[in-house]
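1. with the input below, show me the fold.
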Amino acid sequence: MTISRRTTLAAALAAPILIHAGPGIAAGPTDPAQTAEVEAAVDALTKALLAADGTALDALTLDGLSYGHSSGVIQDKAAFVGALTSGASRFPSITLSDRSASVIGEDAIVRHVFTGETVAGGKTSPVHIGVLQVWRRDGGRWRLMARQAFKL
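-> Residues are numbered from 1 along each chain as shown. Reported below is the predicted structural model:
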């Protein structure tokens, strides 16, 4: 039986949330204030991506970050931030649509459609992908723990 990297990543992303909720405990309604905080963090991350702001990207992501691209490439925090701050990759435009966020204790799940442009190796390409993000409250602020993009 072959297990793909996508299946492994999906299980890895779901496990902490399921463990955190505990057996038989369903997530209750999301607090609108907490949801607004998470959405503000998503907006801050989007601005940091557009600006290639290494300080902001560092502050908005956890050290154990797993950043998955729709191509199957997975980066740790250093590779993710480094690619943007070095200019190896950049985003001239980003629009997020079909957003949803739900908070479960100290974690949050965010989904959206990411549309825009990316520039890598001097080549500009359109982007239209789905994204799943997992955020964790860390020291009173929301920080990105995991992100996985997928082709629509």
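
2. so where do the strands sit in the chain?
-> 61-68, 74-75, 89-104, 107-120, 123-138, 141-151 (DSSP state E).

3. quick one: low-confidence residue ranges for the chain.
-> Applying pLDDT under 70 to the chain flags residues 1-30.

4. residues of the biggest helix by length in it that come out buried?
-> With secondary structure taken from DSSP state H, the chain has its longest helix at helix 32-51. Buried residues in helix 32-51, counted by 16 or more other C-beta atoms under 10 Å: 34-35, 37-39, 41-42, 44-46, 48-49. C-beta here means a position set from N, CA and C on the backbone, and glycine is covered the same way.

5. any idea how far it is from the middle of the chain?
-> 11 Å (C-alpha atoms, centre = their mean, to the nearest Å).

6. and stretch 109-116, by the same measure?
-> On C-alpha atoms, centre = their mean, the centre of stretch 109-116 falls 9 Å from the chain's centre.

7. residues contacting that stretch, please?
-> 17, 38-39, 42, 91-102, 126-135, 149, 152 (C-beta atoms under 8 Å, 6 or more residues apart in numbering).

8. separate out the buried members of those.
-> When the contacts of stretch 109-116 are checked for burial by 16+ other C-beta under 10 Å, the buried set is 38-39, 42, 91, 94, 96, 101, 129, 131-135, 149.
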